[in-house]
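# output the structure for:
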Amino acid sequence: MTVYSFSVRRSGDQAVPCSVAWALEGTGISPITGASFAGGVLPSGVADFSADELEQSCSFELTATARPLLEQTGQLDNTIIVFTSDHGYFYGEHGLNEERRLAYEETIRIPLLVRYPPRVKAGATASEMVLTIDLAPTLMEFAGLAPLTGMEGRSLMPIFTGTEKTWRDSFLVEYYSDTVFPRILKMGYSAVRTRDAKYIEYRDLTGMNELYDLNADPYEEHNLITAPTSAPLLKKMQGELQRLTKR
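Numbering: from 1, shown residues only. You can find the predicted model right below:
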């Protein structure tokens, strides 16, 4: 199997990190075969680059440039294509703009598309909560490698094959306050997100914690933190946050 590492760049923005290069760097897989394009100019062929070179240079328009090249070389269905992105900004949600460090759904959720016909069924969708830390072990398993010691993510392969019986029920979201952006001074928090709810606990603010029932309130418009009927949910979410932060 040949592994290609690409990134997609929005005009005027920074390139998305090359996940494959990052995941496989230092694992002994060499060379990592990739392609680096600038200004939409196709190279004469497919060259070998180190992971560092890929990190620095692989930015191009995937759909318009890479796919035709892969088709021409007969490698399209033998190539793992992963599309994801950086976090987006608020555009008026929650009365916010030019910000993305808070724990609301609009900024903690990012797209993830995977194409690899030998192992990923076309058009399939999954409801499991996956994280960016799952990308490295996933790509390593694609390459026939075991996850490195200490990796916290999980391979998505069982989700792709429909054999996963148990998956994470919650995950931790954290932000540590800094002084670079005055608009979010003292806005550091620890948050827990489950399939059905979210609890946000601010580190430096008093009386500002938030609790949401995501089934009834998917846009997080009604903070239930002081609602007497939500006391059992609050206790459950506080307990789960404590469990996650004690790891």
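# and residue 211, its phi and psi?
When read as degrees, to the nearest 10, the backbone of residue 211 gives phi -140, psi 130.
# right, and it touches residue 194 too?
No: here residue 211 lies out of contact with residue 194, judged by Cβ atoms under 8 Å, at a distance of 11.6 Å. Using the backbone N, CA and C atoms, a C-beta is placed for each residue, glycine as well.
# which neighbours do those two share?
The contact sets of residue 211 and residue 194 overlap at residue 237 (Cβ atoms under 8 Å, 6 or more residues apart in numbering).
# for the chain, which segments are assigned as strands?
With DSSP state E as the definition, the chain shows strands at residue ranges 32-34, 47-49, 81-84, 112-115, 170-175, 189-194, 197-202, 210-213.
# in terms of mean pLDDT, which of the ones you listed ranks lowest?
Per-stretch mean pLDDT for the strands of the chain is lowest at strand 32-34 (a mean of 34).
# the most centrally placed residue in the chain and residue 109: what is the separation?
Closest to where the C-alpha atoms of the chain average out (Cα atoms, centre = their mean) is residue 132, at 3.3 Å. According to Cβ to Cβ, to the nearest Å, residue 132 stands 11 Å off from residue 109.
# how close does residue 114 get to residue 138?
8 Å.
# in terms of neighbours, single out the busier of those two.
residue 138 (23 against 20; other Cβ atoms under 10 Å).
# that one: what's it in contact with?
Per Cβ under 8 Å, 6+ apart, neighbours of residue 138: 153, 155, 156, 157.
# same question for residue 175.
By Cβ under 8 Å, 6+ apart, the neighbours of residue 175 are 101, 102, 103, 187, 188, 189.
# between those, which sits nearest residue 92?
Distance to residue 92 across the contacts of residue 175 (Cβ to Cβ) is lowest for residue 102, with 13.8 Å.
# the closest one: neighbouring residues, count only.
Neighbour tally, residue 102, other Cβ under 10 Å: 19.
# for burial, what's the neighbour tally of residue 212?
Count around residue 212 with other Cβ under 10 Å applied: 27.
# so what sits opposite it in the bridge?
residue 198 (DSSP bridges).
# any idea how far the lengthiest helix in the chain is from the chain center?
Longest among the helix segments of the chain by residue count, using DSSP state H, is helix 231-245. Centroid displacement of helix 231-245 relative to its chain, using Cα atoms, centre = their mean, to the nearest Å, is 24 Å.
# just stretch 126-135 next, same as before
With Cα atoms, centre = their mean, you get 7 Å for stretch 126-135.
# tell me where the protein has helices.
Using DSSP H, the helices found in the chain span residues 19-24, 51-57, 67-72, 105-108, 135-142, 157-161, 231-245.
# residue ranges in the chain under the pLDDT threshold?
Within the chain, the ranges that satisfy pLDDT under 70 run 1-64, 247.
# got the domain boundaries for it?
Under the assignment automatic domain parsing, the domains of the chain span 19-161, 170-245.
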